[in-house]
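Participant: Output the structure for:
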Amino acid sequence: MGPPARPPAPAQRRTARARPAGGQRSQVPGARTPATFGRVAAIDPAELDALARLSRLSLADDERDAFARQLGEVIAYLEALQAIDVEGVAPWRPDEPAATPLRDDVAGAAVDRDAMLAAVPVSDEGLVIVPRFVES
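Facilitator: Here you go, the predicted model:
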């Protein structure tokens with residue numbers, strides 16, 4: 001195995017990726033997209049150029065238009081999310097223990113060994129014999 005691949009040099013610029021054939025983005029059926037909110041935020045061309053420069057992207061004119069529209073949709077979606085009333089909803093904290101309590105670890109009735117061994121296809125001296133599934 002050769003040396004690990006090096007990341008591109010900072011001076012290199014990435015170009016925007018082309019859309020799949022047909023020019024359509026894949027959509028999850030029934031998913032709400034920014035377009036379903038009825039408006040798209042306007043993006044200032046100077047802001048778009050600054051974002052492209054910070055992202056090290058070289059955008060052609062047609063790509064600039066597409067990225068401006070897509071970025072506007074993202075901003076409109078975020079604005080729609082900000083409009084949601086979350087009053088009284090506790091913030092999610094991943095460091096808190098699970099809300100679903102576990103049951104107590106209490107010993108219960110054991111399975112009858114003879115009945116279990118009678119139900120398996122192959123057993124030997126009280127042990128269940130299973131086919132080998134790991135190659136040596």
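Participant: helices and strands around the one helix or strand Ala50 maps to, which ones?
Facilitator: Assigned by DSSP states H and E, Ala50 falls within helix 45-54. In this structure, helix 45-54 packs against helix 61-82, with contacts taken as 3 or more CB pairs under 8 Å, 6 or more residues apart in numbering; DSSP states H and E. Where C-beta positions appear, they are placed from N, C-alpha and C, glycine not excepted.
Participant: what angle do the helix it packs on and helix 45-54 make?
Facilitator: 100 degrees (axes from the mean of the first three to the mean of the last three CA atoms, to 10 degrees).
Participant: got the buried residues for helix 61-82?
Facilitator: Buried residues in helix 61-82, counted by 16 or more other CB atoms under 10 Å: Glu63, Arg64, Phe67, Ala68, Leu71, Gly72, Glu73, Ala76, Tyr77.
Participant: So which of these is the closest to Val86?
Facilitator: Nearest to Val86 among these is Tyr77, at 16.2 Å by CB to CB.
Participant: if we can go back for a sec, give the rounded mean pLDDT of the helix holding Ala50.
Facilitator: If you average the pLDDT over helix 45-54, you get 91.
Participant: ditto for stretch 59-73
Facilitator: Mean pLDDT, stretch 59-73: 89.
Participant: Grab the nearest non-local neighbour of Ile129.
Facilitator: Spatial nearest neighbour of Ile129, chain neighbours left out: Val122 (4.1 Å); criterion: CB to CB, 6 or more residues apart in numbering.
Participant: The one you found: how many residues sit nearby?
Facilitator: 9 (other CB atoms under 10 Å).
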